Every structure is written in structure tokens, then in C-alpha cells.
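> Model the following, please.
(2 chains)
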Number of protein chains: 2
Amino acid sequence: MRDDSNGGGGGVPHLSAEEFRELGHRMVDWIADYQARLESFPVRSQVAPGDVASKLPLHPPEEGLGGVSGWDSIFKDLEDILLPGLTHWQSPSFFAYFPANASGPAVLGELLSAGLGVQGMLWSTSPAATEVETRVLDWLAELTGLPEDFRSTSDKGGCVIQGTASEATLVAMVAARERVRRRGAPVDSEWVAYASTQAHSSVLKAAMLCGVAHGADDKAHVRLIETDARYAMRPDVLEAAIREDLAAGRRPFFVCATVGSTSSGAVDPVRAVGEVLARTGVGDAGGWLHIDSAWAGAALVCPEHRGLLEGVEVADSLSFNPHKWLLTNFDCNAFYTRDRRALLEALSVTPEYLRNAASASGAVMDYRDWQVPLGRRFRALKLWFVLRHYGARGLRAHIREHVRLGECFERWVEADERFEVSAPRSLALVCFRLKPRLGETPSDTDGRNRALMERVNASGKVFLSHTVLPGVDGLPPRYVLRMAIGSTTTEERHVRAAWELLASSAG
Amino acid sequence: MRDDSNGGGGGVPHLSAEEFRELGHRMVDWIADYQARLESFPVRSQVAPGDVASKLPLHPPEEGLGGVSGWDSIFKDLEDILLPGLTHWQSPSFFAYFPANASGPAVLGELLSAGLGVQGMLWSTSPAATEVETRVLDWLAELTGLPEDFRSTSDKGGCVIQGTASEATLVAMVAARERVRRRGAPVDSEWVAYASTQAHSSVLKAAMLCGVAHGADDKAHVRLIETDARYAMRPDVLEAAIREDLAAGRRPFFVCATVGSTSSGAVDPVRAVGEVLARTGVGDAGGWLHIDSAWAGAALVCPEHRGLLEGVEVADSLSFNPHKWLLTNFDCNAFYTRDRRALLEALSVTPEYLRNAASASGAVMDYRDWQVPLGRRFRALKLWFVLRHYGARGLRAHIREHVRLGECFERWVEADERFEVSAPRSLALVCFRLKPRLGETPSDTDGRNRALMERVNASGKVFLSHTVLPGVDGLPPRYVLRMAIGSTTTEERHVRAAWELLASSAG
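Below you'll find the predicted structure:
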């Protein structure tokens, strides 16, 4: 953006300030209109593979757009090419996966972050990017009732925004291994990480990335622990596995407890898991307990849900995604640890060209040492705006309304004798399915549920996703539908319409 | 954003569409004004540690802002708290590190990405997010003259946007290890990675993350190869190191060639490095050659700079950052590989809840399998807008103007007998310093250069950073200043003013 139109030095056609204003306003308006039109689009994109690509030129343009009027072609492509190719995560009828909340205040934060264009790898490369992030995460710790020693104001703890929960888990795992190594474990130990069968795939992926797991099928180094009837990790099975590994000379170093699993929102018993680490000596050896609460963590803004994290004080780290259910655009993962030194020891590399007086003084934090990448944009702006715009009261209202809608949906399912609730409702997530018919094979029941889901998704009116829950009490695994309520603008009428569509499509 | 003011279900105070429009326009205008005011701010922030934090409330707000007028407090804080705490990367007088180009078209792309709020982890979760990304990267491959087999249209290659070059290097390293493992190397091999002493710190960090290096001082598993008089990797020294490691039973698996090093823009001889891999049998064993061209890669849009990548066809992967010098906001790393299967084999984990018909058909790419995180926003929009707005011609003009300014600066340094150019100019990066005075110790020369840099940076008029270059021909290492020209709006007058300030501050 420049003051002089049509660029300055070298004839580079930058947008002038006036052109940027004009196009910026137009884009803001386009987004506002998009939001207003959301209910008119099929929720899940109906294009076939290659449809979008077939409408894009094969070769890049030699000439640019030549000014504001040239952008008409871009806005036209947004309508003709882009919109049909989108699955609309912001639709109030998007119930698949977990929500990815956008909100007006967060969009303004992203816009500002892009407009400032600062890169906060070091405190000194934009002090505000670091200090606002730290303070805002301390606010969030207070709002969610996290223990003092996860906050930046504690002696040894701290907090940072990671991109995603996957990165948070990877960072925790790498810090864990380094801590155990520094307490005396040989570097060529046979490292073993633990999580429940219901843990997110990112735990296995982190183990593959960091070299602990040798391939996605390596069950020896990532032990997936059996769950109970509520799909929560069984601490007794965990303990047996750890003792077996210790006896075999392997090195347990990392346990991921899931609070709000992706499949069914199951909650591992954090305290009991921590006690296993203590009892087996894994904790004393430096072993690490990480809590992945990517989705459910947002609900902690409501005191009535704090029981989810009972025992959190025994954990070494915890992360959740304001970008899921806390109105803060993707990507924004809030990561807390009681042992910031472990992160720094695992992740710090300081070449000469990054040395500076502030870092050398020890008075500042350089967030590059808390994450995988070196560079980082001003990540906290959108969270800052969200917390200020909505206030604690607004955030609680957001969560409570969706939990209420989850309860409604659960009741409707229960009241229809063709359906059943397949797992205990977790907050605003309901797993459900068509009941088996008399004499029907499990595979046929699964097939009817799959067909139902495909039918309602193909209608374009809603979008749900599925999972397979392990069998309990000797029963086979079950294919179930997931109703994950939580999109920013979802209201009761959308949930009701979804239910009515399901009920009328059930046959 | 909602149609009805003051929120709907549950009393959540979402911005209405009208409120979003109003605040969006205001934020766009604030950014346009910020850009216009950039030259009035000290380039490097002058705050002390804690200054920003001291102006932020200790506790989060219970009540929200209550509507548009409440945002006055945010805009006030942008002026009073934020601006003084920023180091202004978009200032035309920012010459530190490498540039992080923002541009109007890219800001509009980020804004749109946030406004759409789609999450493109799978093709099916927003087909356009994947297909636009693939096509735009193919465009970029054409614009930069990359070989056919790095493009999505090739049999085995492909391309993806990573967040940063650090992530690109990590992904390449993990893919390399898995490929070598699948060709028969035992999982407990002693893996060794190689890069020059001038390679970016992210190579070592990637090795630490993936478990190859045991700590930042592990010289046994990350071998930093000596460079020549131009700071380029010496293939003969690389070959000797590899042969030594092979003889000792260690497992060479990854070489990172740097094309445009961070310190001085040095260019490793890609073809000769590839020949070493071939000659030592490391290539046949699955060993991988990655090219880190984070900064210099952008210059490949100009045919006259394609020599930088002479020999690229022997590489397995390559990445560069449009977010550095190609007018596309951070974060945007373009990653190309000739072996997409190696990535998938190293990074794919498919839990039930992500299974879908499109993925199962094999007809689509799911970019989650090409990167560290699972989730991803619509990353390609800003690059799409940049390539269309500027066109190939505009991008070449941008690079050429900065290279021209680099030549100007180099001449001015050479013409002043107090100064010397410390390394061959690389594109728009000039390393220089005050010459040693007669009888001065090297440490005193370094001290005068350090003091000069601190003096000009403290003035607020420019911001430069430094590095230490290894000694050549038996001389000690030298502290040198780096003049990295490349900010979006830098013109000759800014470079000239920087030089005049340096010359007049040199004493």
C-alpha cells in the first residue's frame, strides 16, 4: 500500500492507500454478505475432484490486474469458482468434526495482524506481539480456572499460542524426551508414549515426527490404552502397560490424557493417570503428562464444566483450541506448561544472527523457543479482540447455549425409538445412530447409518461426520453419527431442522 | 456476524452484519493510515521489557464491549499500547534479518481467508482450498522455472504451502528418514544429517525435533560442513564427512543445501552436492537432498537469477518463502518435492473420523498428509491474489528494483574507504563493516561495528541486524552488518538515507 498510485520505485504496481481502502471495504462487505448468505449454500461442497481446478487458468498471468477495476475478475471468481468449492464451516448447519469458530472480532484481529505484518520470533522483533500474547493467555488461564503454575506469572510455568493442537502435542513430546534424557536416560532408549485408543491421531503423528514411532503401525512405541464403557482411558491398563515396558527395559516418557476426545468427547481421568506416572516412577524420571483438550477446553470458561479437568495440577502441560469453540479464528491453540525450561532446553537454537541485547538480558521471552517454526505472525490480536469484545459473560453464554442445544438434540434422539444415543453426551457433542433392527447384522446396521449420513449430507442442508466407537462388553465396534454443535451462529432452529431432516430421512 | 443486532440465541453479543461492516471499514482505514504513517515511527521498537504488559489490565474483562462504540477503546489501545511496542517490519527503512513482505493484495487474501473460516485439512472439507493451492503453486513453479517433476502435474511430485521454511525442512527430514528406513535401514540407525556451517538454525532444530540430534550441541548427528571463501558448502568436505560416517556404520540420510544463506546469502553448489550423494551411494539408499532457498527463491521469478538453482533437478525437495520477498504475507512457504509418496508414507495417519469417500477414491490430495499439523486455513488465497494482482511482470520488477538498490548500496560502501564489503553481495543483501584500523585487534574492530549498528538502530531511523562470518584464509571470524533490502515499499531514497546515516555515524 502506497501513497502514490500505481507504485513507486521500479514500476511495481502496488495498491495505493486509496485503492487498498476501496478494495478492503469491498472485501469486508463481501464477507458480511457471505455470512448473510450462508444458509443458502449446500453446507458440504458438491463439486467433484478437479471441478475447481478446471476453472483456473493453467498458467500464471504475465500481466497484473492493472488497478482496482481489475479486481472485478477476482470478485467474479469468488462467486463462480470459489463458493461452489467450499464446504461452509461457518454455516449454522455445520455439525461435522468439531466447529472452527470464526467471529467478527477475530476476523478483525486477523486483518490487523496481516496489515501490521510484523514477525514476532523474538521479543525484540516486536515486543507487543510477545507481551500481548502472554497477557492474553494469562487472562484465558484465569477464565478457564487453570492452576497458577501454568501462568506466565509463575516461577517455572508459561504459555504460548501454538498453531494447532497437533503442534502443541509435538512440542510437549519433544520437551518430554529431552527432559527424561537430561535426567539420565540414554539417547538410544526405546522411548514409549501412551494415549488412549480414543486419543487424537496427532499423538501418533507427533511420535512419528519425533522419531519415537517407526511408522503409523508402530504399536510398540505408541501404546494405545484400552478405554472403559465411557471411552475414557483405563488407568489400570495404562499402569500395566507402563510396568511391562519398564520391565522390558523400554523408556516410558510421555502420556497424553485426552479431555474431550474427537470421537465422542470422552474424558480421561487426569488425576488417576497422573498417579500412575507417580507410582511407576515415570514422573520422577522426567516423564511428562500432557492434556489434549483441544475442543472441550473452551467449555472451562463455565465453572460448571471445570470438573473436566479434575486433577489438572498433576499435568505438565495442557492445550486447547480457542479456534474450535471459542470464537477465535483458526489457527489459535493455547498451550500451557508448568515447565517452560523443558521447552527451551528442547527447542532453543541461537545462531549469531538472532542474538540481541534483550534476549541476552534474560528479561524477555522469545516465543520462537516455544514452538516448531522460527517465525510467527502477531498471533494474539484476534484472541485479544475476542476476549474484550465478548467478555467472560459473552463467552460463557456462547458455550452454555450450545450445551443446551446438545441437551435438546439428545432428548430428541432418545424420544425417537428408531434411534439411540451411542455414548454419553459430552457438552455439545452427541454420538447417535439408528438402532439395530431385529436380526440385523452389525454390518447392516452400520450400513444403514452410513447411508443415512450420506443422504442428509448430500441434501446440502446439513453436514455431519461419523466415527466408529469401540465395542463395549464384547459387542463389535459401531459406526455412529456425530452431532457436534458449536458453530458461531448455530441456533435452536438449525439444530431442530437437522434433527427433523435426520428423522424424516431415517426410513 | 449476524443479521440481527446484538446476537441471537443465548444472548451472545455477536457483531451484526452492519456492525461488522462498520468496524471492518474502520480497521481497513486504520491499516491504510498505518501504512501511510510508517515512516514516522522508530523502526525498531523503543520500549523496555514489560512496558507493553504494564499497560494491559491484569485480569480479563467480565463484560464485553457492548457494541461498536465499545471498540473505541480498542482503537485507542492500538495507538497508545500497540504502536510503541512494534518493530515495524513494513517500514521502508527495515533492513534487518530478511524482509517479511506484506502487500495490499495479500492482506485482502488473509482477510478473506479469515472471513470464510474454512478448514482445509482434507480435500473434502473445502475442495477449493486444496485445488486453488495446488494450481497456484504450479503457477509459481512455472514462474520460477522449477523442473516439471516438482509440479503437481508430474507423476510423482507435488507441492504444498507450509507455514514456514522450518516446517518445510522438518517435513523433508522426516520423509527422508522414513524413505531410507523403507529401503532397509534399521530403525535404530545412527542417523546423520548434513548442512553447511552457514545453513539456517532450523536444520539443527528440525534434527532436534525429529530425534536425530540429541541437543543443540550434537555435532555428531548434524554435521555442519565447512564453507569456501564465498561461504558456500565445500562438496569435498561433505564427501569426506559422509564417507567417514559410512565407514563408522552411521547412516547419512539427509543433506540440506542452502541457496541464499541467512548470514550472507551464500549459495551452496547444488549439483556438486547431489553428485556427492550419488557417488557415496547415499542417494541410492534413499538419502534426500533438500534445498532451503527461503529468501533467495523469490528471485527465481527473474530468469537472470535462475543460475542460483543450477543442478536443482538432482534435489528431492525445495522450499522458499513468498512471505519473505514475494509480497505475500507471513506465513507462506512454497514446498516442492519430487517424491510425494515419501511425504505421505512418513506423515499419514487416518483415524476413522477423517475417512471419506473422496479420500478413499484416491482422486484427491489431502494436504494434512503433507504437513505437521492436521488443520489448515485457506492458505492459498493470498498467494493467488498476489500472483494475479502483480502478474509475473510486477513480481520481476519488485525483485529487480531491490537488487538494483543492493548494487547501489554496495557501490556506496566500496567508495567509502572506512568501510568494506565483507562477503560477495547476494542479490539485495550486502554484508559490510568498518575496516580494521591499523594495529586494532579483531575484537576492537568488531566492537566498533557493534557500536555503529547499535547507534543507527537506536536512532529509530533504520533497523539493521548483524551476523558473524567465519574467518577465511586463517583470519578470525568477523562481526558484520547486514543490509537486507526488500521491504515492500523500500525505494532508493530509503536506502540512500540509511547509507548516509551509517556514513555519518561511523566516526
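
> Give the helix, strand or coil label for A:Arg396.
helix (DSSP: H, G, I helix; E, B strand; the rest coil).

> Please report how far it lies from B:Ala172.
A:Arg396 is 44 Å from B:Ala172, where distance means CB to CB, to the nearest Å. No exception for glycine: its C-beta is placed from N, CA and C like everyone else's.

> what do you get for A:Pro436?
For A:Pro436, the distance to B:Ala172 - CB to CB - is 48 Å.

> okay, those two: which has more neighbours?
Remark: of A:Pro436 and B:Ala172, B:Ala172 carries more neighbours, 31 against 16, as counted by other CB atoms under 10 Å in any protein chain shown.

> where does the more buried one land on pLDDT?
Note on B:Ala172: pLDDT of 98.

> Apart from its neighbours in sequence, what residue is nearest it?
Nearest residue to B:Ala172 in three dimensions, chain neighbours excluded: B:His290, at 4.2 Å (CB to CB, 6 or more residues apart in numbering or on different chains).

> For the stretch 401-507 of chain A, list the residues in contact with chain B, please.
Residues of the stretch 401-507 of chain A lying close to chain B (CB under 8 Å from any CB of the partner chain) are A:401-402, A:404-405, A:465-468, A:482, A:488-492.

> If we use 6 Å, what do you get?
Taking CB under 6 Å from any CB of the partner chain as the measure of proximity, the stretch 401-507 of chain A contacts chain B at A:401, A:467-468, A:489, A:491.

> Please identify which of these is nearest to chain B.
The closest of these to chain B turns out to be A:Glu401 (CB to the nearest CB; 2.8 Å).

> Take the residues of the stretch 401-507 of chain A next to chain B and keep only those in helices.
A:Glu401 (DSSP state H).

> could you point out which element follows whichever strand or helix holds A:Leu383?
Following DSSP states H and E, one finds A:Leu383 within helix A:381-415. Once helix A:381-415 ends, the next helix or strand along the chain (criterion: DSSP H and E) is strand A:419-421.

> Packing partners of that following strand?
Helices and strands touching strand A:419-421, as assessed by 3 or more CB pairs under 6 Å, 6 or more residues apart in numbering or on different chains; DSSP states H and E, comprise helix A:381-415.

> ok, how many other residues are close to A:Leu438?
5.

> State which one residue of the stretch 201-350 of chain A is found closest to chain B.
Counting by CB to the nearest CB, the stretch 201-350 of chain A gets nearest chain B through A:Gly211, at 3.0 Å.

> Can you name the residues that contact that residue?
Contacts here follow CB atoms under 6 Å, 6 or more residues apart in numbering or on different chains; on that basis A:Gly211 touches B:210-211.

> cool, A:Ala53 as well?
B:131, B:135.

> what comes up buried for the helix holding A:Leu383?
For helix A:381-415, burial by neighbour count (16 or more other CB atoms under 10 Å in any protein chain shown) applies to A:381-406, A:408-410, A:412-413.

> And the nearest residue to A:Leu65 once chain neighbours are set aside, how far from A:Gly66?
Leaving aside its sequence neighbours, A:Leu65 sits nearest to B:His389 (CB to CB, 6+ apart; 5.1 Å). Counting by CB to CB, the separation of B:His389 from A:Gly66 is 9 Å.
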